[in-house]
Structure formats: C-alpha cells, structure tokens
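>>> please find the sequence and the predicted model below.
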Amino acid sequence: MSTATLSNQSRSDLMRKIKDEIMNLTESPLYAERVRNHVFPVIGEGSHDAQIMFVGEAPGKNEAATGRPFCGASGRVLDELLASIHLPRTAVYVTNIVKDRPAQNRDPFPEEIAIYGPFLDRQIDIIQPKVIATLGRFSMAYVMNRYGLAPQLGQISALHGRIFETKTSFGSMKVVPLFHPAVAIYNIHTKEVLMEDFKTLKEVCG
C-alpha cells in the first residue's frame with residue numbers, strides 16, 4: 001500500500017473490516033473466554049493517519065469490559081506521559097498485539113500472538129506510522145522481529161528509549177521500545193525513566 005492510495009475513508013473501511021474479522025474470530029483460543037465473560041475484543045483507538053502508533057501486548061480487565069485500549073490504571077499513566085510531551089491521545093493510535101484478554105492478565109502465549117499478530121500487521125500497513133512505540137517486552141520483540149530488527153533485540157532494560165530505524169513497504173519507520181506503563185504504577189523509578197523516554201519520542205517526531 002502507498003499513502004497515495006489510502007484516503008481517510010478507505011483507512012476507516014479497512015479498519016472496520018479488521019474489527020469484523022476479530023469479532024468473529026472463533027478459532028482464537030480466547031474467543032470462548034470472551035463470550036463466557038460477556039466482554040469485548042480491543043481493536044485499537046485513535047487517529048487512522050497517526051504519525052505515532054503505540055503497541056502494547058494484550059487488553060486487561062477494564063479494557064475487555066469497555067473494548068477500549070489502555071483505559072484503566074495503565075491508561076492513566078499513558079495519558080500522563082502523553083500530556084508530558086503535549087501530545088493529544090487523539091493524535092496517536094493505540095492498540096495491542098493480542099486483541100482479546102488472556103485470563104487473569106497472564107502473559108500472552110506464543111500461539112495467541114501468532115493468531116492476532118497478522119491483524120496488527122494490517123493495522124500498521126493501514127496507518128503507515130512514522131514511529132512505532134512498543135509498550136513492554138512482548139510488543140518490542142514482535143515489532144522488532146517483524147521489521148528486520150531481530151539482530152538488535154535484547155533486554156528491554158537495555159533497549160528502552162533507543163531509536164531503531166527500519167524500512168517497510170510504505171517507507172522508513174522508527175521503532176522506540178518503551179517500558180509498559182503498568183510497571184510505573186508500582187515503581188516510581190520506572191515512571192521517571194518513562195518520562196525521559198517520552199522526551200526522546202517527542203524529539204523523534206519533531
């Protein structure tokens with residue numbers, strides 16, 4: 001896809017198609033849990049032509065209950081971090097790799113990432129961001145592997161706040177690994193680190 005061929009309307013139509021497919025993703029091992037608990041998949045939220053895309057790992061309890069990404073305690077931290085660099089949440093796009101909540105907020109299994117990952121790939125192709133900010137180690141590993149940065153992978157404690165450049169079908173893109181906002185709820189030091197990393201994010205976006 002090229003930016004020239006994607007109008008705002010066509011982006012919205014393509015995103016709606018992804019939503020419909022995920023709503024009916026009965027082959028997912030998480031689908032039955034969604035139906036049993038009367039909760040929702042979390043597709044994503046924000047601008048469909050955002051320059052920055054935030055990618056987390058999977059929805060939590062509040063997110064599954066509302067169908068909105070990062071709307072609980074982690075979302076409040078993310079909102080605070082965005083406000084610290086004067087970036088409206090409406091100007092970015094926020095999503096996760098896995099679109100349904102794993103039970104008890106456990107880490108997503110590899111087979112779950114494999115099922116939902118292609119939907120994220122399509123979202124990235126639709127939005128065509130200049131920057132992907134990964135939130136946590138699972139999204140960092142997925143995005144860096146997906147975009148040819150696997151040789152530079154390491155511990156998130158060593159990679160957070162660094163800028164990695166890569167090429168995509170729609171042009172050049174930067175990847176900036178970040179700690180997951182949830183970590184900052186219990187560790188004030190991590191929140192301070194995130195604040196500094198968001199300053200880097202602001203610089204990358206100009």
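Looks like it came in fine.
>>> how about the closest residue in space to residue 98 that isn't next to it in sequence, what does it touch?
Counting by Cβ to Cβ, 6 or more residues apart in numbering, residue 98 lies nearest to residue 58, which is 3.8 Å off, once chain neighbours are set aside. Bear in mind the C-beta positions are built from the backbone N, C-alpha and C, glycine included. The contact partners of residue 58, by Cβ atoms under 8 Å, 6 or more residues apart in numbering, come to 96, 97, 98, 99, 100, 101, 102, 105, 108, 112, 138.
>>> go again using 10 Å as the cut-off
Listed by Cβ atoms under 10 Å, 6 or more residues apart in numbering, the contact set of residue 58 reads 30, 42, 64, 69, 96-102, 105-108, 112-113, 116, 136, 138-139.
>>> let's verify the residue most central in space within the chain: helix, strand, or coil?
Centroid check for the chain by Cα atoms, centre = their mean gives residue 55 as the closest residue, at 1.3 Å. Here residue 55 takes the strand state, with states given by DSSP: H, G, I helix; E, B strand; the rest coil.
>>> gap between residue 173 and residue 68?
Counting by Cβ to Cβ, to the nearest Å, the gap from residue 173 to residue 68 is 25 Å.
>>> related to what we said a few turns ago, what's the pLDDT at the residue nearest to the centre of the chain?
At residue 55, the model reports a pLDDT of 98.
>>> strands along this protein, start to end?
45-46, 52-56, 93-96, 131-135, 164-168, 171-178 (DSSP state E).
>>> Throw the ones you listed into a markdown table and include distance to residue 190, thanks.
Output for those, formatted as a markdown table (distance: least, Cβ to Cβ, whole Å):
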| stretch | distance to residue 190 |
| --- | --- |
| strand 45-46 | 24 |
| strand 52-56 | 15 |
| strand 93-96 | 19 |
| strand 131-135 | 12 |
| strand 164-168 | 21 |
| strand 171-178 | 10 |
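>>> of the ones you listed, which is nearest residue 18?
With distances scored as Cβ to Cβ, the stretch of those nearest to residue 18 is strand 93-96 (10.1 Å).
>>> rounded mean pLDDT for the closest one, please.
98.
>>> note down every partner strand of that strand and its orientation.
The pairing partners recorded for strand 93-96 under DSSP bridges are strand 45-46 (antiparallel), strand 52-56 (parallel).
>>> so how far is the longest one from its chain's centroid?
Relative to the mean C-alpha coordinate of its chain, strand 52-56 is positioned 4 Å out (Cα atoms, centre = their mean, to the nearest Å).
>>> right, I'll leave it there.
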